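Visitor: would you be able to build a 3D model of this:
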Amino acid sequence: MRWIVRFFVFLVAVIGIAIVGLLMIPGERIAKIAKEQFEAATGRPIEISSDVSTTIWPVLGVRTGRVEIANAPWSDNGPMLAADELLVGVNALSLLSGNIDIRRIEAVAPEVLLEVRSDGTPNWAFEGVTAAEGTSTGGDSSGGAIPAFTVGKGIVSDGSVRWLDHQTGTDVALNDVNMELRLPDFNGEGSVQLDLTMNGVKQVLDAKIAEFGPFLNGAVTTLSANLSVGGSTAGFTGRGGWLPLSLEGQVNADFGDMASVYRTAGQTPASVPRGFGQTITANGNLTVTEQQTIHLRGATLTLDQNSLTGDIDVALAGDRPDVTANLTANALDFSSLAASSNGAAPANGASGGTGWSRDVIDASFLSTANASVNFNAESIDLGTLKLGPTRTSAELSNSRIEFTINQIAAYQGAVSGNFVMNNRSGLSMGGNLNFSQIALQPALSDLAGYERLIGNADFQMSFLAVGNNMHDIMNGLSGSGRFAIGQGELRGLDLAGMLRNLDLSFEGEGKKTIFNEAGASFTIDGGVLHNNDLALVADRIRADGAGQIGLGAQTLDYRVTPAAFLSGDESQGITVPVIIEGTWADPKFRPDLQALIDQNLAEEKAALEARLAEERAAAEARLQQEREDLEARAAEKLEEELGVTQEEGEDLQDTLRRGLENEARDALRGLLGGN
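Guide: Predicted structure coming up:
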């Protein structure tokens, strides 16, 4: 900046010296002298047309024709400065005494090119102006590198400025530039009024520097600036310096015309839902330090009807900005999200059954800064969701951001957990989410307009995914989770009556199914969710489920088996298994006929086996009875024929043997004539 000011002062001085001899030297000679002096001091060629005239009234001065100052030798983009006409009026007596008292300076249709080479060299670095001089912080504004000067009135009309930075690729054009500069006292107040057009948007700047000379030489002084961009305004009032840059004061902004702000930035005006910044106002106490830190205290940011307050700190000295923020809000209304999503096309993830998008997710924004942000709100209305007191935080470090949900009160329950995005070596994401005692009826009513399910639910889930697009992320998803619902009610459907009577009319107003509990667990591997323990238990009703859901392929392969029991005996009931298969976009429902056949065959087999067992038992009982009867008659016969009585526990054969032995002994005794 000092180089540019010195260049400006020297140019005026050269022309001023020419004015002293304006009555004695013709215009062509004046132009030649000014050209030689300028080129000797800067090393840059300057072309001043010979159409130079002098003025005596109302200001002692000189008027030139076309003026062109050459660009740096390394540039091929035309002159650094060109103007159709320059007018300089000075106080001749002051000039002779060594002071530069510019009464009037005017540039007509100037074209200024500020250019930076790819190695960072600016085109305003002139030969003969050293870096040491350019960065001097000299104290006395009237001495040192920049002599004191005053400007009664400086005017630029119908000008243009182009900023061309080959390092960053920035190319910005300012057109219709009109400016009025006043500096009646070098050490006093300087003011500038500037209006221009950028990207078709009218912009107006009104700025004042209380002590111009000291400010130019690095001192801190009172500043004020007001800027309008289309229908938007911004302002600063406070103190500041530029060498090094420092500011302290109040900032205010009212961006009521965001379309103009977008166009000024070279962007297409965004369609922003109400509550997210169709209009924006901001104010706070701003401090910028020479240690390259920015502090905003007591800040208030209003996005349409939503207002946030807090403090923001930014450190710029490192490899990337380091942001710390604490923000608080009362009730936030983002209900317009619901209206903007109605009838909208599917998001960039899944669309119309065509699968997940393979478009690369640009997560490079994670590397632009480090940040630590805490956010608290009394309530948040998301249109389809209503949240109570919310406390969250975010930590961004080296392309990795972690969101922590310390508390979200929602639907009589609470949500907690964390979510991580990491782009250090390819994009990955994961997290742990916990939902506790969420009231299902109001939650599902807000989410999907479904009010029939009543009960409180717990839900836990952990997940991990890697990929640079949604297709890879969803097909590589892994994790696990579970949910449980306590006692509840399903309105509009009498599942027990429907199953017992095989009648679909058991639905509608007044019908309901009261259940004792419901729940399931699941695992996710390779983008496929597996579950085998879905269960809903009610009085004389049970429903079980098992199968898999292709989260990556967007497919369904699931089997639900509801059953109604005629009594408390679960072996006596009616079961109607249903298969759900196909794609998410076109699911198919059908009864599992094979399961019904297998179930009927199993029941018939069990009944047949039971009947055979009964008949076998009856036959065995009859045989046993007949055996016992035969043995009893045989015992009686033995007693009659052999005179032997069967003793208790004695086998019939042993009784027969004993009887025969007695008969044989008696017969032998008779033969021998014994007693």
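
Visitor: list the contacts for residue 164?
Guide: Contacts for residue 164 (Cβ atoms under 8 Å, 6 or more residues apart in numbering) come out as 77, 113-116, 170-171. The C-beta positions use only the backbone N, C-alpha and C, and glycine is treated the same way.

Visitor: again, but for residue 366
Guide: Neighbouring residues of residue 366 by Cβ under 8 Å, 6+ apart: 396, 399-401, 421, 423.

Visitor: domain parsing for this protein?
Guide: With domains defined by automatic domain parsing, the chain comprises 1-186, 430-593, 602-671.

Visitor: got TSV for those, with distance to residue 233 and mean pLDDT too?
Guide: Formatted as TSV, the domains of the chain follow (distance: least, Cβ to Cβ, whole Å; pLDDT from 0 to 100):
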stretch	distance to residue 233	mean pLDDT
domain 1-186	19	76
domain 430-593	39	85
domain 602-671	81	72
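
Visitor: closest one to residue 227 among the ones you listed?
Guide: Across the domains of the chain, residue 227 has its closest neighbour in domain 1-186 (13.4 Å, Cβ to Cβ).

Visitor: which residues in the stretch 251-400 of the chain form helices?
Guide: Using DSSP state H, counting those that start in this stretch, the helices found in the stretch 251-400 of the chain span residues 258-264, 336-341.

Visitor: for the longest one, what is the average pLDDT?
Guide: Just to be clear, that refers to helix 258-264. Across helix 258-264, pLDDT averages out at 92.

Visitor: off-centre distance for that helix?
Guide: A distance of 23 Å separates the centroid of the chain from that of helix 258-264, by Cα atoms, centre = their mean, to the nearest Å.

Visitor: for that helix, packing partners?
Guide: When contacts are defined as 3 or more Cβ pairs under 8 Å, 6 or more residues apart in numbering; DSSP states H and E, helix 258-264 packs onto strand 201-209, strand 221-229, strand 232-242.

Visitor: where along the chain do the helices fall?
Guide: 2-20, 27-42, 92-96, 131-134, 212-216, 258-264, 336-341, 440-448, 470-475, 495-501, 593-642, 652-671 (DSSP state H).

Visitor: how about the domains of the chain in JSON lines, adding distance to residue 299?
Guide: As requested, the domains of the chain are exported to JSON lines (distance: least, Cβ to Cβ, whole Å):
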{"stretch": "domain 1-186", "distance to residue 299": "28"}
{"stretch": "domain 430-593", "distance to residue 299": "30"}
{"stretch": "domain 602-671", "distance to residue 299": "72"}
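
Visitor: surely residue 476 and residue 528 touch.
Guide: No: if you go by Cβ atoms under 8 Å, residue 476 and residue 528 don't touch, sitting 10.7 Å apart.

Visitor: can you list residues touching both of those two?
Guide: residue 552.

Visitor: ok, residue 105 - contacts?
Guide: Residue 105 is in contact with 12, 86-89, 151, 153-155, counting by Cβ under 8 Å, 6+ apart.

Visitor: just among those, which is most surrounded?
Guide: Highest neighbour count within these: residue 88, with 26 neighbours (other Cβ atoms under 10 Å).

Visitor: what sits opposite that one in the beta ladder?
Guide: residue 62, residue 105 (DSSP bridges).

Visitor: max-length strand in this protein?
Guide: Longest strand of the chain, by residue count under DSSP state E: strand 507-525.

Visitor: where do the strands of the stretch 401-550 of the chain begin and end?
Guide: For the stretch 401-550 of the chain, the strands defined by DSSP state E, counting those that start in this stretch occupy 413-422, 428-439, 453-454, 456-466, 478-485, 488-493, 507-525, 528-538, 541-550.

Visitor: the fifth one packs against which elements?
Guide: Packing partners of strand 478-485 (3+ Cβ pairs under 8 Å, 6+ apart): strand 456-466, strand 507-525.

Visitor: so where's the stretch 201-350 of the chain uncertain?
Guide: For the stretch 201-350 of the chain, the stretches with pLDDT under 70 are 338-350.

Visitor: change it to 50
Guide: Within the stretch 201-350 of the chain, the segments meeting pLDDT under 50 span 343-348, 350.
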